[in-house]
Every structure is written in structure tokens, then in C-alpha cells.
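Engineer: have a look at this prediction, sequence included:
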Amino acid sequence: MLPLEKQIETIGRLIERENVKKIGKRAAEAGIDMDAEYLSGLTIIYLTGAVLVSLLLSVIFMKQLITIVIGTVIVSVLLIGVLYQYLELKIDERKREVDAVLPDFLQLAAANVRAGMQIERALWYAAKPEFGLLSKEIEVTSKRIFGGETINEALDKLAERFNSRYLDRTVELIKEGIESGGEIAGILEKTAMDLRNQQLIHKEVSASMVMYSIFIGFSAAVGAPFLYVVSSKLISLFEKLWVTKPVASIAISQYSQINPTTPAITSAEFNLFAVTIVVLTSIIATMIISTIQTGKKTNFIRYILPFLLVSLGVFYIGRYIIDSLFGGISL
């Protein structure tokens with residue numbers, strides 16, 4: 001019988017080869033050092049388990065077939081979304097950590113080249129502990145070069161470890177500089193300066209958009225829930241009005257073209273609608289804010305929990321306060 005790891009790799013081969021490579025690349029960008037086929041097998045097992053767990057929970061808590069199907073789909077999407085968002089957050093965290101120190105690293109590597117070192121040694125000696133994750137990856141890259149790999153192959157593998165446009169462009173410039181026999185030190189210094197300028201521009205743009213983020217956040221987390229609370233209270237008041245004053249409505253309709261009718265929806269139905277819209281509004285708002293602040297809407301998972309807590313808290317606390325203030329109104 002095959003070992004467990006081999007069995008999982010066999011399961012992973014059920015996926016097309018191109019998709020296996022994509023899974024391996026995304027895992028490498030997240031810092032997961034595992035075989036691509038093994039990861040593909042784990043992915044199939046996780047997806048299958050997510051569907052089975054979702055189906056089990058739906059069967060336990062729901063009775064009708066349609067609700068079981070809908071519940072299975074929703075829970076499956078949530079479980080798969082959690083894994084996907086975790087990987088995206090890890091990839092983005094590694095990217096931001098590398099981008100933050102890359103200009104200083106290139107500046108130090110350029111100084112080493114000007115001191116007479118070869119590019120591979122210059123990168124090796126520039127990998128100082130204060131550069132954190134980038135230093136560890138550069139050390140691995142240097143070991144590959146000293147172990148017999150070409151510098152181009154080693155640098156390509158380094159770039160594949162991060163989803164960073166800055167690092168990709170830097171690697172391409174270094175490779176072109178080596179092939180063309182250009183001045184590597186000047187290339188590294190110029191690249192470091194350009195990267196630092198781009199980062200400063202990005203920070204300035206983010207700072208200029210702070211007011212928009214505050215406005216969107218306040219509207220989604222405070223303004224919209226409070227308006228729904230007021231609307232809910234008005235609907236409940238009209239419900240009581242039509243229950244307690246049916247005769248007056250008939251009398252009014254005899255002398256006027258206006259024929260008032262009871263509200264089309266109940267306050268309970270409106271509350272369910274309001275909670276759903278508040279949640280959807282919070283998700284959309286966090287996506288917009290995430291795009292403004294980080295450039296990627298997938299990072300909304302960082303903001304969604306506090307947004308939901310605030311928006312739903314405003315809704316329920318506001319409803320309690322308004323019920324306390326106007327609950328004694330007699331109709």
C-alpha cells in the first residue's frame with residue numbers, strides 16, 4: 001500500500017497539469033513549500049470535505065430539499081472562501097514585506113558591486129537580517145547559484161516566490177544588465193530610486209483618498225443602518241395605526257381621492273431585508289476601502305469583521321433606543 005503522501009499526490013494528478021502548476025505557484029507565493037501535486041491532492045480533499053460538511057450541516061438544521069441545497073451551496077462557498085482569502089492574505093503580506101525593504105536592499109547590493117564584488121556575492125552580502133523575509137529568500141537564491149544553477153534560473157525562482165511587480169521588474173532588469181554587459185551597480189541604484197519614488201507616490205495617493213474612505217466607512221457603518229432603523233420604526237407605527245384605526249381610514253377614503261392602504265410589507269420582513277442590505281453594504285464598502293488603501297479589493301477581509309460589528313451594532317442598538325423613546329406612543 002502506498003504511503004499517505006503518495007496517495008495524496010495520486011489524487012492531485014486528477015487535476016490538469018496546468019492547474020497543478022498554478023496551484024503550486026500560488027502556494028509558493030504564500031510561502032508554502034510543498035510539492036505541487038501534493039498540494040493539488042490536499043485541495044481536492046479539502047473541497048470534497050467542505051461539500052460533505054456543508055451537506056451534513058444542511059441536513060441536520062434544514063428539512064426541505066431546496067433549503068438543504070441552498071444551505072449546502074452557501075456553506076461550501078464560505079468554507080472555500082475562507083481558504084482562498086487566507087492564501088490571498090498570506091501572498092499580500094509577503095508582497096508588502098518584500099516591497100517595503102527592496103529599495104534599501106538594492107542600494108546596498110549596488111554598493112557591494114561598486115566595491116568589486118560579483119553580482120551573486122553582492123546579493124549574498126546585502127542580505128542583512130534587518131531585511132527579514134527578503135534576506136532569507138536571497139540566501140536560498142545564492143545557495144542555488146553557488147550550487148551550480150545559472151543566475152538567471154535562480155533569480156526567476158526568486159521572483160516566482162512573490163507576487164510582486166517591483167521584484168519581477170528588478171529581476172528582469174538585472175538579467176538584462178548581465179546579458180548586455182551593462183553597469184550593474186548603476187542599474188541597481190536607478191531601480192532602487194525608481195521603486196522608492198513609486199512607493200512615495202502610492203503613499204501620497206492613499207493619503208489624499210483618506211477622506212473618501214472615511215466618508216464611505218461612516219455611510220456604510222453608521223448612516224445606512226440608522227436610516228433603516230428609522231424606516232423600520234415608521235413601518236411598525238403604520239402597522240399599529242391600521243390595526244387600531246380601521247374605521248377612520250374608511251371614512252377618509254369616502255371624501256378623498258386618496259385611498260390609504262396598509263403597508264405592503266410587515267416590520268419583521270423589513271427588518272430581515274434591512275439586516276441583509278446592511279451586511280451587503282458593509283462588504284461592498286470594505287471592498288472599496290480596501291481598493292483605495294491597498295490596491296486590491298480581495299484584502300477586504302481585513303476590514304469586514306469590524307465593519308459588520310459596527311454596522312449591525314448601530315442597527316440593533318439604534319432600534320433598541322428608538323423603541324425605548326417612542327415605544328409608549330399611543331395610536
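Structural biologist: Noted; the coordinates are in hand.

Engineer: which residues touch residue 131?
Structural biologist: 101, 104, 105, 138 (CB atoms under 8 Å, 6 or more residues apart in numbering). C-beta here means a position set from N, CA and C on the backbone, and glycine is covered the same way.

Engineer: so, low pLDDT: which residues of the stretch 1-150 of the chain?
Structural biologist: Along the stretch 1-150 of the chain, segments meeting pLDDT under 70 span 1-2.

Engineer: can you give me the helices for it?
Structural biologist: Along the stretch 1-150 of the chain, counting by DSSP state H, counting those that start in this stretch, helices occupy 4-12, 17-29, 36-61, 65-114, 119-126, 133-146.

Engineer: mind listing what's buried along the first one?
Structural biologist: Going back to what we said before, that points to helix 4-12. Residues of helix 4-12 classed as buried: 8, 9, 11, 12 (neighbour count, 16 or more other CB atoms under 10 Å).

Engineer: picking that back up, just the contacts of residue 131 now: which is nearest residue 186?
Structural biologist: Nearest to residue 186 among the contacts of residue 131 is residue 105, at 16.4 Å by CB to CB.

Engineer: surely that closest one and residue 129 touch.
Structural biologist: No: taking contacts as CB atoms under 8 Å, residue 105 lies outside contact range of residue 129: 12.0 Å.

Engineer: give me the common contacts of those two.
Structural biologist: In contact with both residue 105 and residue 129: residue 135, using CB under 8 Å, 6+ apart.

Engineer: for the two, work out which one has more neighbours and name it.
Structural biologist: residue 105 (22 against 7; other CB atoms under 10 Å).

Engineer: ok, that one to residue 163 distance?
Structural biologist: Residue 105 sits 18 Å away from residue 163, going by CB to CB, to the nearest Å.

Engineer: residue 29 too?
Structural biologist: Using CB to CB, we find residue 29 at a distance of 5 Å from residue 163.

Engineer: give me the common contacts of the two.
Structural biologist: Counting by CB under 8 Å, 6+ apart, the shared contacts of residue 29 and residue 163 are 91, 94, 95.

Engineer: for residue 148, phi and psi?
Structural biologist: Main-chain torsions, residue 148, degrees, to the nearest 10: phi 120, psi -10.

Engineer: my bad, should have said residue 163
Structural biologist: According to degrees, to the nearest 10, residue 163 has phi -90, psi 60.

Engineer: residue 83 versus that one, what's the distance?
Structural biologist: Residue 163 sits 17 Å away from residue 83, going by CB to CB.

Engineer: tell me the two of the contacts of residue 131 that are most distant?
Structural biologist: Maximum pairwise distance among those (CB to CB): 12.8 Å, between 104 and 138.

Engineer: between these two, which is the more surrounded one?
Structural biologist: More neighbours surround residue 138 than the other of residue 104 and residue 138, with 21 against 17 (other CB under 10 Å).

Engineer: now that one. Nearest residue, chain neighbours left out?
Structural biologist: residue 127 (4.1 Å; CB to CB, 6 or more residues apart in numbering).

Engineer: contact partners for the residue nearest to residue 28 when sequence neighbours are not counted?
Structural biologist: Leaving out its chain neighbours, the residue that sits closest to residue 28 by CB to CB, 6+ apart is residue 161, at 5.5 Å. Residue 161 makes contact with 28, 29, 31, 137, according to CB under 8 Å, 6+ apart.

Engineer: and the first one, how many residues sit next to it?
Structural biologist: Read that as residue 28. 19.

Engineer: that one and residue 205, how far apart?
Structural biologist: 30 Å.

Engineer: just the third one next, same as before
Structural biologist: In this structure, residue 31 and residue 205 are separated by 28 Å, where distance is defined by CB to CB.

Engineer: from what I see, residue 275 and residue 312 are in contact.
Structural biologist: Yes: between residue 275 and residue 312 there is a contact at 7.2 Å, judged by CB under 8 Å.

Engineer: so what's residue 152 up against?
Structural biologist: By CB under 8 Å, 6+ apart, the neighbours of residue 152 are 175, 178.

Engineer: residue 160 contacts residue 27, correct?
Structural biologist: No: with contact defined as CB under 8 Å, residue 160 does not count as touching residue 27 (10.9 Å).

Engineer: what's around residue 231, how many residues?
Structural biologist: Neighbour count of residue 231, defined by other CB under 10 Å: 15.

Engineer: so for residue 163 and residue 83, which residue has more residues nearby?
Structural biologist: Neighbours per residue (other CB under 10 Å) separate residue 163 from residue 83, with residue 163 holding more: 19 against 13.
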